[in-house]
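Visitor: how would this look folded up:
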Amino acid sequence: MLLLLLIAAAQVSAMREPQPAPAEIVVVARSRKCDVSVANRVLSDAEFKRRATEWAAGTPVRVVAPPDTDYRCLAKIAFRLADRGVKKIIFDP
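Guide: Here you go, the predicted model:
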């Protein structure tokens, strides 16, 4: 009985650990181009790779896209993030 209580307490305390705040990226879809920006600045490929490596360490990424963004553009960004090891992606309209 005591063992069950200890296990339950450990699970509750693990659930209370603060989660890192999601990194917010904005997808900018232009004619024939799909860019990613952070803090109103379009990321170069090198900077995207560097940041994606940091995000892959467990930081969730929140993707914000204008309503008229093409699904292919969003898929391209999701695959680029996944290729870099990012597993937590949240899509916001």
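Visitor: mind listing what's buried along stretch 77-89?
Guide: Residues 77, 78, 80, 81, 84, 86, 88, 89 are the ones in stretch 77-89 that count as buried (16 or more other CB atoms under 10 Å). C-betas here are computed from N, CA, C, even on glycine.
Visitor: oh, that last question was meant for stretch 65-81, not what I typed.
Guide: Residues of stretch 65-81 classed as buried by neighbour count (16+ other CB under 10 Å): 65, 69, 73, 74, 77, 78, 80, 81.
Visitor: contacts for that stretch?
Guide: The contact list for stretch 65-81 (CB atoms under 8 Å, 6 or more residues apart in numbering) reads 25-29, 34, 36, 48, 52, 55, 61, 63, 89, 91-93.
Visitor: out of those, show me where the pLDDT dips lowest.
Guide: In terms of pLDDT, the lowest of the contacts of stretch 65-81 is residue 29, showing 61.
Visitor: before we move on, the earlier item: can you list which of the contacts of stretch 65-81 are found in strands?
Guide: Members of the contacts of stretch 65-81 lying in strands (criterion: DSSP state E): 25, 26, 27, 28, 29, 34, 36, 61, 63, 89, 91, 92.
Visitor: among these, name the buried ones.
Guide: Among those, those classed as buried by 16+ other CB under 10 Å are 25, 26, 27, 29, 34, 36, 61, 63, 89.
Visitor: which one of the residues you listed is nearest residue 43?
Guide: The closest of these to residue 43 turns out to be residue 36 (CB to CB; 5.1 Å).
Visitor: surely the closest one meets residue 44?
Guide: No. With contact defined as CB atoms under 8 Å, residue 36 does not reach residue 44; the gap is 9.8 Å.
Visitor: could you check how far residue 60 is from residue 78?
Guide: From residue 60 across to residue 78, the span is 13 Å (CB to CB, to the nearest Å).
Visitor: quick one on the thing from earlier: quick check: of the buried residues of stretch 77-89, which lies closest to residue 21?
Guide: Closest approach to residue 21 among the buried residues of stretch 77-89 (CB to CB): residue 88, at 11.8 Å.
Visitor: if I read this right, the closest one contacts residue 56, doesn't it?
Guide: No. Between residue 88 and residue 56 there is no contact under CB under 8 Å: 9.4 Å.
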